[in-house]
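1. Below is the sequence, then the predicted model.
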Amino acid sequence: MSDTVSTEAPVRTGLFIGGVARSTAETLAIADPAKPGVVVGHAASASAEDVADAVAAARAAFPAWSALTGPERAALMADAIAGIADERDVDAAVLSQENGKIRFEGFIDALVFEIRWNLALMHAEEVDQGRTLPVVPGAIPVSTEVGYQPLGVVTVIVPFNWPIAILGASLPHALLAGNTAIVKPPPSAPLATTRLVQRVAEK
């Protein structure tokens, strides 16, 4: 018999691949670490095929996304988080239940995501511009040009402790630079992160 007793689970998350929501045959039961035996919700458990589909979708989206300028990507990204605060209280409540942190910390976690996203967008002009490094005095007088280009598909692996805030330190920079991304939330606390990422991705 399992130590975790399933309850009526109010939160259920799936996958979101290439703009399409997807359920999975297997799910993860997410326990409330503060209440032994209580299940907060169920999260999709991606199969190898699901992961392959996610990579394929990200690769397919890469040419068009990377062809945009930094300011064009920034404008779309700004639109994508418009209204993100509307469900911040719910995000905080879900994160508190699955993660064990107090509700206020869950709220700060979600707030920091928005702050970091907007801070990343302030670099929109820089991603298309190169720069020349100054010649080091006394060294060989050569010119060094620095340029930026997207790499392709990146994976953002999010830890459990401050999942939404830490996601905000990586995902917007990857996207602004012209990459496409796959987000892997923490298996012990994936619900709030998955909810937020899907809302952003849908836009």
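-> Everything's here; your move. Computed from a predicted model, the values in this text were never measured in an experiment.
2. drop to CA atoms for contacts and neighbour counts, all remaining ones
-> Noted.
3. Can you report how many residues lie near the nearest residue to E126 once chain neighbours are set aside?
-> Excluding its sequence neighbours, the residue lying closest to E126 (C-alpha to C-alpha, 6 or more residues apart in numbering) is G70, at 7.6 Å. Residues contacting G70 under the criterion other C-alpha atoms under 10 Å number 21.
4. now T155
-> Neighbour number of T155 under other C-alpha under 10 Å is 14.
5. Secondary structure element for it, which one?
-> strand 153-157 (DSSP states H and E).
6. Against Y148, how distant is the residue nearest to E126?
-> Distance, G70 to Y148, using C-alpha to C-alpha, to the nearest Å: 11 Å.
7. list residues touching both of these two?
-> V127, D128, A177 (C-alpha atoms under 8 Å, 6 or more residues apart in numbering).
8. So what's the residue count around the second one?
-> In terms of burial, D128 registers 16 neighbours under the definition other C-alpha under 10 Å.
9. just to revisit the earlier point, got the CA positions of the strand holding T155 in CSV?
-> Extracted as CSV, the C-alpha positions of strand 153-157 are listed here (Å, rounded to 0.1, in the frame of the first residue of the first chain):
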residue,chain,number,x,y,z
VAL,A,153,16.6,24.1,-29.6
VAL,A,154,17.5,24.6,-25.9
THR,A,155,16.1,22.7,-22.9
VAL,A,156,15.4,24.6,-19.7
ILE,A,157,15.6,22.2,-16.7
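10. Show the subsequent helix or strand relative to it.
-> helix 163-167.
11. what about the residue lying closest to T132 once chain neighbours are set aside, helix or strand, and which?
-> In this structure, T132 finds its nearest non-sequential neighbour in E145, 4.6 Å apart by C-alpha to C-alpha, 6+ apart. For E145, the host element (DSSP H and E) is strand 144-146.
12. What is that strand packed up against?
-> strand 131-133 (3 or more C-alpha pairs under 8 Å, 6 or more residues apart in numbering; DSSP states H and E).
13. Check the spacing between P186 and F104 real quick.
-> For P186, the distance to F104 - C-alpha to C-alpha - is 20 Å.
14. quick one, strands of this protein?
-> 11-13, 15-17, 20-22, 27-31, 39-44, 131-133, 144-146, 153-157, 180-184 (DSSP state E).
15. Show which residue of the protein lies farthest from the average position.
-> Computed with C-alpha atoms, centre = their mean, the residue of the chain farthest from its C-alpha average is G138, at 45.5 Å.
16. what sits against A74?
-> L121, A124, L176.
17. Most neighbours among those residues, which one?
-> L176 (28 neighbours).
18. Could you report the distance from the closest residue to P163 other than its chain neighbours to A181?
-> Closest residue in space to P163, ignoring its immediate chain neighbours: T193 at 6.7 Å, by C-alpha to C-alpha, 6+ apart. Distance, T193 to A181, by C-alpha to C-alpha: 15 Å.
19. Any regions of this protein where pLDDT drops low?
-> Applying pLDDT under 70 to the chain picks out residues 1-9.
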